[in-house]
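Chemist: Sequence first, predicted model second:
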Amino acid sequence: MHEFALVQEMLSLLEPVAQAHGLEKVTGITLRLGPFSNVVPEALEMAFQALAQGTRYEGAVLRWETVPALAECRACGERYTVAGLPLHCPRCREPGARLLDGTQVAVARLEGEGWGDCGDP
């Protein structure tokens with residue numbers, strides 16, 4: 001389950017942000033997940049709860065927003081929002097588009113007690 005590695009990395013990246021903003025306790029984290037991020041939100045939540053124990057993140061609410069995927073047709077250059085697989089161009093119907101966006105796992109917001117909230121760390 002790679003969600004544990006993702007949460008470990010996320011917490012290590014958030015720690016200096018929380019310290020810089022004087023957050024004694026983190027109460028919430030909002031993530032942006034692309035539909036092709038290969039992350040199972042429930043597994044991410046389980047990993048977060050396990051790894052947050054005994055840290056400033058314990059008890060924090062983990063939220064996620066799904067961001068749309070964007071593709072570009074290799075045949076005609078059309079850019080479009082992807083509804084699912086396969087990636088067929090809505091204009092020329094050719095398969096094999098290039099995925100431009102929708103694979104990310106990003107922190108959108110960090111909330112806590114102390115100095116204040118941190119948007120887009």
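Modeler: Okay, I see it.
Chemist: Dihedrals phi and psi, Pro35?
Modeler: Reported as degrees, to the nearest 10, the phi and psi values for Pro35 are phi -70, psi -20.
Chemist: That one against Ala69, yeah?
Modeler: Yes. Using C-beta atoms under 8 Å, Pro35 is in contact with Ala69, at 5.1 Å. Where C-beta positions appear, they are placed from N, C-alpha and C, glycine not excepted.
Chemist: Please name the nearest non-neighbouring residue to the residue nearest the centre of the chain.
Modeler: Taking C-alpha atoms, centre = their mean, the centroid of the chain lies closest to Val105, which sits 2.8 Å from it. Distances taken as C-beta to C-beta, 6 or more residues apart in numbering place Ser37 nearest to Val105, at 5.0 Å, with adjacent residues excluded.
Chemist: who's in contact with the one you found?
Modeler: The contact partners of Ser37, taken as C-beta atoms under 8 Å, 6 or more residues apart in numbering, are Gly102, Thr103, Gln104, Val105.
Chemist: roughly how far apart are the first one and Glu94?
Modeler: The one in question is Gly102. The spacing between Gly102 and Glu94, counted by C-beta to C-beta, to the nearest Å, is 19 Å.
Chemist: higher neighbour count, these two?
Modeler: Gly102 (18 against 14; other C-beta atoms under 10 Å).
Chemist: what's the spacing between the more buried one and Pro41?
Modeler: In terms of C-beta to C-beta, Gly102 sits 15 Å off from Pro41.
Chemist: for Glu15, same thing?
Modeler: Taking C-beta to C-beta, one finds Glu15 at 23 Å from Pro41.
Chemist: Could you do Ser12 as well?
Modeler: 21 Å.
Chemist: and those two? which has more neighbours close in?
Modeler: Neighbours were counted for Ser12 and for Pro41 using other C-beta under 10 Å; Pro41 has more, 15 against 9.
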